[in-house]
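Colleague: Let's see this in three dimensions:
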Amino acid sequence: MPDTQKTLVLLKPDALQRDLLGEIVIRFERKGLKIVGMKLIRLTDDLLDEHYAHHVDKPFFASLKKFMMQTPVVGIVLEGINAIDEVRKIVGSTNPQEADAGTIRADFSMHVGSNLIHASDTVENAQAELKRFFSDDEIFQYDKITDSYVFGD
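Modeller: So this is what the prediction gives:
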C-alpha cells in the first residue's frame, strides 16, 4: 500500500444522541478509509483540558466541556492516503453554515456548537491526538481484500 496516514475522529455527543453514527462512519468507509481503531470513550476534565487547551481561555470553554461530557464519544482511527486532509474534506468546515454541501457538517448540522465531529487537522495534531485517545494495542494493522482497489498496487 502507498504511504498512508492515520488520523483521529471523535463523534461527539450530538452524533450519538441523533443516531448518526452509521451515517457518518459509512461516509469514511465509502471513501476507502480503513477503520483501524474504534471505541467508546468517556471524556474527563483532564482529558478535555488537554485536548482543548487552545480554547481554555475562551468564554465558551466551560459549556464545551459540559457538552462533551454528556455522553461517551466514539473515537475512530482512520487510515488512508492523505487521510488527514481526506477526512477533513468529508467532515466539512467547523461552522456547518459555511461547510460545503455534501459534507457531514453541512448535511447533518446547523450550529457550530453542535457540529457532530472532531477531526485532526495536521500530521502533528493527529499524532498527539491518537496517543491521547488510543493506546498502541488499540490501533490495528491488517490487510483488506479491497486495499488494492482503493489504494492501487
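Colleague: What separation is there between the closest residue to residue 104 other than its chain neighbours and residue 122?
Modeller: In space, and not counting its chain neighbours, residue 104 is closest to residue 91: 5.2 Å by CB to CB, 6 or more residues apart in numbering. Where C-beta positions appear, they are placed from N, C-alpha and C, glycine not excepted. With distances taken as CB to CB, to the nearest Å, residue 91 is found 14 Å from residue 122.
Colleague: can you check residue 134 too?
Modeller: Here residue 134 is placed at a distance of 18 Å from residue 122 (CB to CB).
Colleague: which one of these two has more residues nearby?
Modeller: More neighbours surround residue 134 than the other of residue 134 and residue 122, with 20 against 13 (other CB atoms under 10 Å).
Colleague: Report the contact partners of the residue nearest to residue 104.
Modeller: Shown in contact with residue 91 (CB atoms under 8 Å, 6 or more residues apart in numbering): 9, 103, 104, 105, 117, 119.
Colleague: So which of those residues is the closest to residue 85?
Modeller: residue 119 (10.0 Å; CB to CB).
Colleague: Can you show me the strands along this protein?
Modeller: 5-11, 34-41, 73-80, 117-119 (DSSP state E).
Colleague: Give me the helix or strand of this structure that scores worst on average pLDDT.
Modeller: Between all helices and strands in the chain, the lowest mean by mean pLDDT, DSSP states H and E belongs to helix 147-151, at a mean of 87.
Colleague: Okay, buried residues for that one please.
Modeller: Buried residues in helix 147-151, counted by 16 or more other CB atoms under 10 Å: residue 151.
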